[in-house]
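Asks: build the 3D model from these lines:
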Amino acid sequence: MSNKNVKIGDIFYSSWGYDQTNIDYYMVTKLIGKTMIEIVPIESKYDETNSNQYQDALLPYKVVNPISKKLRRKVLKGWKDELKVRIEHWRSAWIWDGKPKMATNYNYHR
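Replies: This next block holds a predicted model:
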């Protein structure tokens, strides 16, 4: 898959977890060749309007921790032709659609 549909500043998200859902966001910082990109983890911010007692709505917040590890990943085509990158062998990140992503509320299981 080509990286021609990706630009610097684009956001990818990963939704993962076993008994809870976690959300991680990544920002594209560099295009490498024709198929690779460099991404870096970014912070998320709480969206009170779309959250509830069970789930926290999270939005990407383009703040990069200077010690965050930059990841070089190949752009892949996922289900329904959505762009994705493999973060780890068990987890992928998908191109963000602009909507808040839902994570399990920290206090839900307490």
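
Asks: next, count neighbours for residue 6.
Replies: 19 (other C-beta atoms under 10 Å). To be clear about C-beta, it is placed using only N, CA and C from the backbone, and glycine gets the same treatment.

Asks: then the one 5 residues further on?
Replies: Each residue near residue 11 was counted by other C-beta under 10 Å, and the total is 19.

Asks: any idea how far it is from residue 94?
Replies: 10 Å (C-beta to C-beta, to the nearest Å).

Asks: how about residue 82?
Replies: Counting by C-beta to C-beta, the gap from residue 82 to residue 94 is 6 Å.

Asks: which one of those two is surrounded by more residues?
Replies: Ranked by neighbour count (other C-beta under 10 Å), residue 82 and residue 94 place residue 94 first, with 18 against 12.

Asks: outside of the host helix or strand of that one, which residues touch it?
Replies: Per DSSP states H and E: residue 94 is located in strand 91-95. By C-beta atoms under 8 Å, 6 or more residues apart in numbering, the residues outside strand 91-95 that reach it are 6, 10-14, 16, 24, 26, 39, 76, 78, 82-87.

Asks: from the contact counts, what lies against the very next helix or strand once past that strand?
Replies: Note on strand 91-95: by DSSP H and E, the next helix or strand toward the C-terminus is strand 101-104. Applying 3 or more C-beta pairs under 8 Å, 6 or more residues apart in numbering; DSSP states H and E, we find strand 101-104 packed against strand 22-32, strand 55-61.
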